[in-house]
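J.: Sequence isn't available, so here's the structure alone:
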């Protein structure tokens, strides 16, 4: 009887110890699972388990290729300068820079994105267009510098690395394939350019039956006037142009369409020339959205401006730049005038201070803004340049684990 009483007293205590030990083991095991991993590729997302948008690695990259048949995408990691292939599906969270959900069909080659993927199966679960980058569209006022990996955009200097993503019609091309006057879309962060997409390439104009015009001038759109020489050819951005030919006081015009990677022959024998005392003035103005005034009247300058011989007052204005005022003396059948406005640092500083006074938070996300329509672009389209400027990127990057062959096309 005494033993039975002893068992009844000890049994509850034993059961309590067993239960407490079991709970402690479970808690300890869960603690190990949720603790910070020493592996730099550990999860950086706060997504709940089972969430299709969960990922364990993220980085900032440039879209270089999309294979819809294989449901694969090539992304260039801008931090490590390498390409990688990721798999996407209908559950991949794809958004534009305004945080609106879009389909893979709306994603564009050359866009800078924040990407998140699962390292074990290379599954892309998140692809958001970065709101930290700037973007120039319909850009023609650019130049690659002869030394180093540098270029100028609207007179401002930028840098890029040798692995910069440059594409034409979705195919990766070498920088040497771009010539002055091509039209591009450039994207980057801060002073670094990470993506160039050629939106308009170039073709070649070859002139025939022009012996009587040798020594004269030819003007295509707002390209600089070029002296006509025997055997000459011109590389011109694709599009439709008014081409002017002048020799002394004789002037003739012909409309020509330039196709990409195509040589177009221009026969001058059927052009009607007239004698005139007017001049065709080609204006090269930076920035491209500047407004040109001649004797107080605004003029478009995407094609040469026809002016009678004489003197003119020229004014050029653009927001954020110091204005230009000068005299133009016209006394030849063709003239060139180049104006490069300097940035108005005082105006830019005042604008920044006003924006700072209006802010109610320490930091804000700047949304993209459009620039005014481009008055100075050459060719058949009077298109502007759009730029969006954002803060420096400080994303959580990580080194990719699988690379493509860098060809720019998956598979």
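T.: Everything's here; your move. Only a predicted model underlies this, so the values are computations on that prediction, with no experimental measurement involved.
J.: any idea how far stretch 242-254 is from the chain center?
T.: With CA atoms, centre = their mean, to the nearest Å as the basis, stretch 242-254 stands 37 Å off its chain's centre.
J.: List the buried residues of it.
T.: Using 16 or more other CB atoms under 10 Å as the burial criterion, the residues of stretch 242-254 that qualify are 243, 244, 245, 246, 247, 251, 252, 253. All C-beta spots, glycine's among them, are computed from the backbone N, C-alpha and C.
J.: residues touching the residue lying closest to residue 316 once chain neighbours are set aside, list them.
T.: Leaving out its chain neighbours, the residue that sits closest to residue 316 by CB to CB, 6 or more residues apart in numbering is residue 324, at 4.3 Å. Residue 324 makes contacts with 314, 315, 316, 317, 339, 341, as judged by CB atoms under 8 Å, 6 or more residues apart in numbering.
J.: So the residue nearest to the last one when sequence neighbours are not counted versus residue 118, what's the distance?
T.: Right, the one you point to is residue 341. Nearest residue to residue 341, sequence neighbours excluded (CB to CB, 6+ apart): residue 321, at 3.9 Å. To residue 118, residue 321 is 48 Å away according to CB to CB, to the nearest Å.
J.: before we move on, what about residue 185?
T.: As judged by CB to CB, residue 185 and residue 118 stand 31 Å apart.
J.: and if you look at residue 217?
T.: In this view, residue 217 and residue 118 are 62 Å apart by CB to CB.
J.: just to revisit the earlier point, same drill for residue 321 and residue 118, tell me which one is more crowded.
T.: Ranked by neighbour count (other CB atoms under 10 Å), residue 321 and residue 118 place residue 321 first, with 21 against 17.
J.: which residues sit in contact with that one?
T.: 287, 290, 341, 342, 343, 344.
J.: what about burial for these, which qualify?
T.: Buried among these by 16+ other CB under 10 Å: 287, 290, 341, 344.
J.: Quick check: closest non-adjacent residue to the last one.
T.: This means residue 344. residue 322 (4.9 Å).
J.: how close does the one you found get to residue 340?
T.: According to CB to CB, residue 322 and residue 340 sit 11 Å apart.
J.: for residue 329, same thing?
T.: Counting by CB to CB, the gap from residue 329 to residue 340 is 20 Å.
J.: More neighbours: which of those two?
T.: Taking other CB under 10 Å, residue 329 and residue 340 do not tie; residue 340 has more neighbours (15 against 10).
J.: beta partners of the more buried one?
T.: residue 286 (DSSP bridges).
J.: quick one on the thing from earlier: verify the stated contact: the residue nearest to residue 344 with residue 343.
T.: Yes: at 7.4 Å, residue 322 and residue 343 qualify as touching, with contact defined as CB atoms under 8 Å.
J.: If you drop the residues flanking it in sequence, what lies closest to residue 287?
T.: Spatial nearest neighbour of residue 287, chain neighbours left out: residue 154 (4.6 Å); criterion: CB to CB, 6+ apart.
J.: got a list of what residue 180 touches?
T.: By CB under 8 Å, 6+ apart, the contact set of residue 180 is residue 143.
J.: same question, residue 199
T.: Per CB under 8 Å, 6+ apart, neighbours of residue 199: 137, 138, 183, 184, 185.
J.: What of residue 342?
T.: Listed by CB under 8 Å, 6+ apart, the contact partners of residue 342 are 321, 322.
J.: after the host helix or strand of residue 59 comes which helix or strand?
T.: Using DSSP states H and E, the element containing residue 59 is strand 57-67. Next along the chain after strand 57-67, taking DSSP H and E as the criterion, comes strand 72-77.
J.: so where's the stretch 51-200 of the chain uncertain?
T.: Filtered on pLDDT under 70, the stretch 51-200 of the chain yields the residue ranges 51-53.
J.: So what does the residue nearest to residue 344 look like in phi/psi?
T.: Dihedral pair for residue 322: phi -70, psi 140, per degrees, to the nearest 10.
J.: again, but for residue 105
T.: For residue 105, the backbone dihedrals (degrees, to the nearest 10) come out as phi -70, psi -20.
J.: what does residue 249 give?
T.: Main-chain torsions, residue 249, degrees, to the nearest 10: phi -100, psi 10.
J.: Please report the distance of it from residue 305.
T.: 18 Å.
J.: Likewise for residue 328?
T.: 10 Å.
J.: if you count what's nearby, which of the two comes out ahead?
T.: residue 305 (20 against 17).
J.: Can you pull the domain assignment for this structure?
T.: Domain segmentation of the chain under automatic domain parsing yields 134-201, 202-340.
J.: among these, which is nearest residue 126?
T.: In terms of CB to CB, the element of the domains of the chain nearest to residue 126 is domain 134-201, at 18.8 Å.
J.: Ends of the closest one, what's the gap?
T.: End-to-end distance for domain 134-201, by CA to CA, to the nearest Å: 22 Å.
J.: Off-centre distance for that domain?
T.: On CA atoms, centre = their mean, the centre of domain 134-201 falls 8 Å from the chain's centre.
J.: Check stretch 105-113 too.
T.: Centroid displacement of stretch 105-113 relative to its chain, using CA atoms, centre = their mean, is 11 Å.
J.: Could you do stretch 290-304 as well?
T.: On CA atoms, centre = their mean, the centre of stretch 290-304 falls 28 Å from that of its chain.
J.: residues contacting residue 195?
T.: 62, 110, 111, 112, 164, 165, 185, 186, 187, 188.
J.: Can you tell me who the fourth one pairs with across the strands?
T.: According to DSSP bridges, the residues that bridge with residue 112 are residue 62.
J.: Next, count neighbours for it.
T.: Counted by other CB under 10 Å, the residues lying close to residue 112 total 26.
J.: what about it, distance to residue 322?
T.: 32 Å.
J.: What distance do you get for residue 270 to residue 254?
T.: 8 Å.
J.: and what of residue 219?
T.: Distance, residue 219 to residue 254, using CB to CB: 11 Å.
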